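Student: pasting the sequence and the predicted coordinates here, then a few questions.
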Amino acid sequence: ACACAGLWNCVTINPLNIAAGVWMMLNAFVLFLCEAPFCCQFIEFANAVSARADGLRAWQKAAFYCGMAVFPVMLSLTLTTLFGNAVAFATGVLYGLSALGKKGDAISYARIHQQQRQMDEEKLTGTLEGEA
């Protein structure tokens, strides 16, 4: 979607639209390299780029993908750039959500807090008994 919208964006006279379109096609290429290296088997450095991208933390990927998607929209705010970069931005959002972690329930948090309080009270009474 990003590459097709980028190519469509380049069919204009406005230089900012052309720059945004080229950036969108570059985004699509980077996303293919990082997320689907099997689509780029003819490129010899694709596996190295994919391995390096897999080594990044989820929040780093989120910031990278969202930043890549926002830049063309800032260059040229059109429906083509918005819809074309929606997939890249959504990928960044999903990585950001995975970086936040799994949501816990209130009962387990209350139980953990109660156990910590009991351990703290036992430590406090143990030190007071040790002093007496």
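Tutor: Perfect, I can see it now.
Student: how is this structure divided into domains?
Tutor: For the chain, the structural domains run 14-76, 77-131, going by the TED database.
Student: can you flag the weakest of those domains by average pLDDT?
Tutor: Lowest mean pLDDT within those: domain 77-131, at a mean of 78.
Student: nearest to residue 8, out of the domains of the chain?
Tutor: Residue 8 lies closest, by CB to CB, to one member of the domains of the chain: domain 77-131, at 5.8 Å. Glycine gets a C-beta too; all of them are placed from N, C-alpha and C.
Student: what's the spacing between the closest one and its chain's center?
Tutor: 17 Å (CA atoms, centre = their mean, to the nearest Å).
Student: now swap in stretch 47-61 and tell me
Tutor: Centre-to-centre, stretch 47-61 and its host chain are 11 Å apart (CA atoms, centre = their mean).
Student: ok, now stretch 8-27?
Tutor: When distances are taken as CA atoms, centre = their mean, stretch 8-27 is centred 24 Å away from the chain's centroid.
Student: and the contacts of it?
Tutor: With CB atoms under 8 Å, 6 or more residues apart in numbering as the test, stretch 8-27 has contacts from 2-3, 5-7, 68-69, 71-73, 75-76, 78, 80-81, 84-85, 88.
Student: tell me which of the domains of the chain is the most buried.
Tutor: A comparison of the domains of the chain by mean neighbour count, using mean count of other CB atoms under 10 Å, puts domain 14-76 on top with a mean of 17.
Student: does the residue sitting nearest the centre point of the chain sit in a helix, a strand or a coil?
Tutor: By CA atoms, centre = their mean, the chain has its centre lying nearest to residue 62, at 1.7 Å. Three-state call for residue 62 (DSSP: H, G, I helix; E, B strand; the rest coil): helix.
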